[in-house]
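# Prediction below, plus the sequence it came from.
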Amino acid sequence: MMKEYRFKINGKEYNVSVGEAGAQSLAVNVNGADYQVEISSSASLGGTHPSVAEKKADAPSGVSAPASAVSTAPVASQAASGAATQVASPLPGVIVEVSVKEGQAVKAGQKVAVLEAMKMENEIPATKDGIVSEIHVNKGDSVLEGAPIVSIA
């Protein structure tokens, strides 16, 4: 049985359905996008925040995980292991331009995308020098604060 909730975050409404929790995960639907949420072993459903493990393949494109559900693993550990660093959306909005392509070299501060929020266009800069390893959004996608835009290796 799914529990239905309606949240209003920064003036935007979200319809959220939460399924029954299993031992390690639960199904969550946010505005029509399905997510499989992983429950950390130290978490209890009584008061901690689970992290998003993966977005199901059949979820609609252009919907990113809410910032409150995005894993908060430290970026420093990703950099130390040689993994890609994600450039995240600083606020909710709509992607109006993706300025880079996968495999493209970028410099820290270089524009990687343009986000329209509150009728203003905001340039999203690269956070480090590197190669764009993955683009997580397309032009026209709606994103929430903290949603990944690109990954830089």
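Yep, that arrived.

# now the strands: where do they sit in the protein?
Assigned by DSSP state E, the strands in the chain fall at 3-9, 12-18, 25-30, 33-38, 51-55, 85-88, 93-98, 105-106, 111-117, 120-125, 130-135, 142-143, 148-152.

# Let's have those strands in CSV, adding mean neighbour count and mean pLDDT.
Yep, even glycine has a C-beta here, placed from its N, CA and C like the rest. As requested, those are arranged in CSV below (neighbours: other Cβ atoms under 10 Å; pLDDT from 0 to 100):
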stretch, mean neighbour count, mean pLDDT
strand 3-9, 10, 81
strand 12-18, 13, 81
strand 25-30, 18, 80
strand 33-38, 18, 77
strand 51-55, 15, 45
strand 85-88, 20, 91
strand 93-98, 18, 94
strand 105-106, 16, 94
strand 111-117, 18, 93
strand 120-125, 15, 92
strand 130-135, 16, 93
strand 142-143, 20, 91
strand 148-152, 22, 93
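
# Show me how the record splits the chain into domains.
3-69, 75-152 (automatic domain parsing).

# these two touch, right, residue 99 and residue 113?
Yes. Between residue 99 and residue 113 there is a contact at 5.9 Å, judged by Cβ atoms under 8 Å.
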